[in-house]
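Q: Turn this into a model:
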Amino acid sequence: MLHRFCLLLLLASIMLAAAGKARDKHFWFDEILTLTISRLPVGPEMWDAMTAGFEFNPPLLYLVTHGAIQWFGEGHIAARLPQIIAGIGGLLIGFAVVSRGSNPVAGFWFVLLLSSTQMFAYFYEARPYSIVFFVTMLAWFIWQKIADQSQPRLMYLIALTMSLAVAILFHLWSIVLLPCFAASALALSYERKQFLWREIAAVCLALPVIAFCFPMIRASRGIVFGGPIYFPSLWNATIGFYLDNLGLLLLVFLGSTFILVSCATLRRKGAPAHLTLPLVPLHEMVLAGSLILSPLMIFAVTKLTHSAFMSRYALVACSGAAFWCARMLSSIASPNRLVSVGILMTLSLYYIGQSGKLATKGWSSTKDPAGDLSALTIPPYRNLPIIYAQPIEFVESDFYAPQDLAGRFVYVADSRMAIQFTQTDGVDTALLNGSRWLRLKGKVISYEEFLASYKKFVLLHDDNPEFNWLSPRLRQIGVRLTTIPSTGQRMLLCEFP
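A: Numbers count the residues shown, from 1 in each chain. Reported below is the predicted structural model:
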């Protein structure tokens, strides 16, 4: 029972660390969109907002966040509580999945390795990714139950269908789970020398729920998703994804694979017999491998459909990689339990120490999205409009700034100009479509209204070209730009000639 106590202590430490991170992290643009819809009463008004064309997630994210807000409020931890709980729940189920057919050491490796990936950053974000991770691990756990039975019980088949359907209803790109589990079912068919039509049908029957996503898909079709942020190269979508999101896990995967394959190759020449490749059933190897390759699947579909690819859409790949690495590390370390336990205890103490450090920090947030705008509260800038060149920064600053300051905030949204300068109008169109629901203190205006009404203003800008089309446009049309003292290049006084 000692390993259960250690597991609960480790999970509690990770949960405390996630809560500390959530407390200190301001809501960013995507989370503010989540809160915007989740605040609304459940019913036609919420549905209208979901299908208005400024957010494109399926309904369950907003319903769950709505419940959290109703019960606990809109605090940084409270609104993210479903994601924190789901992340810890996913680690707990993952521990059971990886330990099955191996030992608790493998389960501990899974928890620690998964927590070292970028997935952990979404444990404390009001978006669907940690919930998708939880549902993925739940589906995997159910799949193991099905694979253990020659005649699977109907209850397990229904549970598998429902779990996959729920994943899709949290995030559309969870649809990649279906080919992953279908491939695993085909591999199990090969192992048993018979076509397992019921298992494959259970996976496929989750597909019809995508009909609930059609209104959101239709609302997004008028948006141009281009530029490197939405349409990365094949390298950035694959190798770049693994480098950016797997982190330590990638090194562990490559290193442990090299050790195990080398030892298996040299076994006849006296290598220790216990250093063999982990005994993982073919159907689980296929499932883990398919999840690892899911970024490629998503990238291919986004290329064919001209939709957006973001690396966070494919974070389920971390689950497959952590499963495989945990099994391999367990095989390497199993003959020497002292070494294995020592490594695990060191890593566990690190997480416990991190969670304790976060718990003893001050309870105020550490970053102000509005930045230091004190220079704009004194003459001669006190009464000038403050125009943001970056739409994401505009929404985040507007969310946190006091009314008297945020009332001066303006963002100029124009799809044609955005496409011309940044190759995408994704955020501009979202702000135009969503301004009715966003409860902005500032204003979103058209380019024509801007030209007609704003002759002198302060521009907050940066040189990041992702969404900033206004700065180069102002230079192009000859607006006089003067740097405001003591602000670097961030604030410019702008005057039309």
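Q: tell me the strands in the protein, going along the chain?
A: Secondary structure of the chain (DSSP state E): strands at 386-388, 409-413, 443-446, 456-460, 480-483, 491-495.
Q: Now do the same for residue 267: its pLDDT.
A: pLDDT, residue 267: 56.
Q: Distance from stretch 145-154 to the middle of the chain?
A: In this view, stretch 145-154 has its centroid 32 Å away from the chain centroid, taken as Cα atoms, centre = their mean, to the nearest Å.
Q: quick one: average pLDDT of that stretch?
A: Stretch 145-154 shows a mean pLDDT of 88.
Q: what's the answer for stretch 234-246, then?
A: 79.
Q: so how far does that stretch reach from one end to the other?
A: Stretch 234-246 has an end-to-end distance of 17 Å (Cα to Cα, to the nearest Å).
Q: Got the domain ranges for the chain?
A: Per the record, the chain has its domains at 2-359, 374-495, by automatic domain parsing.
Q: As a markdown table, these with mean neighbour count would be great.
A: Using the backbone N, CA and C atoms, a C-beta is placed for each residue, glycine as well. Formatted as a markdown table, those follow (neighbours: other Cβ atoms under 10 Å):
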| stretch | mean neighbour count |
| --- | --- |
| domain 2-359 | 19 |
| domain 374-495 | 18 |
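Q: Pick out the shakiest of those domains, pLDDT-wise.
A: Lowest mean pLDDT within the domains of the chain: domain 2-359, a mean of 85.
Q: mind exporting stretch 224-231 as PDB, just the C-alpha atoms?
A: Coordinates of each C-alpha in stretch 224-231 appear next as PDB, following Å, rounded to 0.1, in the frame of the first residue of the first chain:
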ATOM      1  CA  VAL A 224      -8.700  33.000 -43.500                       C
ATOM      2  CA  PHE A 225      -6.300  31.000 -41.500                       C
ATOM      3  CA  GLY A 226      -2.900  31.800 -42.900                       C
ATOM      4  CA  GLY A 227       0.600  32.900 -41.900                       C
ATOM      5  CA  PRO A 228       3.100  30.900 -39.800                       C
ATOM      6  CA  ILE A 229       1.000  31.000 -36.600                       C
ATOM      7  CA  TYR A 230      -2.000  29.100 -38.100                       C
ATOM      8  CA  PHE A 231      -0.300  27.400 -41.100                       C
END
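Q: what comes into contact with that stretch?
A: Residues outside stretch 224-231 that contact it (Cβ atoms under 8 Å, 6 or more residues apart in numbering) are 236, 302, 306-310, 415, 419, 422-426, 466-467.
Q: for those, which one is nearest residue 170?
A: For the contacts of stretch 224-231, the minimum distance to residue 170 (Cβ to Cβ) is 15.5 Å, reached by residue 310.
Q: check contacts around the closest one.
A: 229-230.
Q: one more time with 6 Å, if that's ok
A: Applying Cβ atoms under 6 Å, 6 or more residues apart in numbering to residue 310 gives no contacts.
Q: again with the one 5 residues further on
A: When the contact criterion is Cβ under 6 Å, 6+ apart, the partners of residue 315 are 119, 129.
Q: Over to it: give its phi and psi.
A: The phi/psi pair for residue 315 (degrees, to the nearest 10) reads phi -70, psi -10.
Q: Just the terminal-to-terminal distance for stretch 452-469.
A: End-to-end distance for stretch 452-469, by Cα to Cα: 18 Å.
Q: Which among the strands of the chain is found nearest to residue 11?
A: The nearest among those, by Cβ to Cβ, is strand 386-388 at 40.8 Å.
Q: Quick one: list the elements packing against the closest one.
A: Counting contacts by 3 or more Cβ pairs under 6 Å, 6 or more residues apart in numbering; DSSP states H and E, strand 386-388 is packed against strand 409-413, strand 456-460.
Q: Residue 109 and residue 331 touch, don't they?
A: No. Contact between residue 109 and residue 331 fails when scored by Cβ atoms under 6 Å: they sit 10.5 Å apart.
Q: before we move on, back to that, among the contacts of stretch 224-231, which are located in helices?
A: In this view, the contacts of stretch 224-231 that belong to helices under DSSP state H are 236, 302, 415, 419, 422, 426.
Q: which two in the residues you listed are spaced the farthest apart?
A: Using Cβ to Cβ, the pair of the ones in helices among the contacts of stretch 224-231 lying farthest apart is 236 and 415, separated by 25.2 Å.
Q: Format the helices and strands packed on strand 386-388 as a markdown table; extra columns: distance to residue 219.
A: Shown next, in a markdown table, are these (distance: least, Cβ to Cβ, whole Å):
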| stretch | distance to residue 219 |
| --- | --- |
| strand 409-413 | 17 |
| strand 456-460 | 30 |
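Q: the helices in the stretch 101-250 of the chain, which residues?
A: Assigned by DSSP state H, counting those that start in this stretch, the stretch 101-250 of the chain shows helices spanning 104-115, 129-147, 154-170, 177-192, 197-204, 214-220, 227-230, 234-237, 239-245, 248-265.
Q: Kind regards, and thank you for your time.
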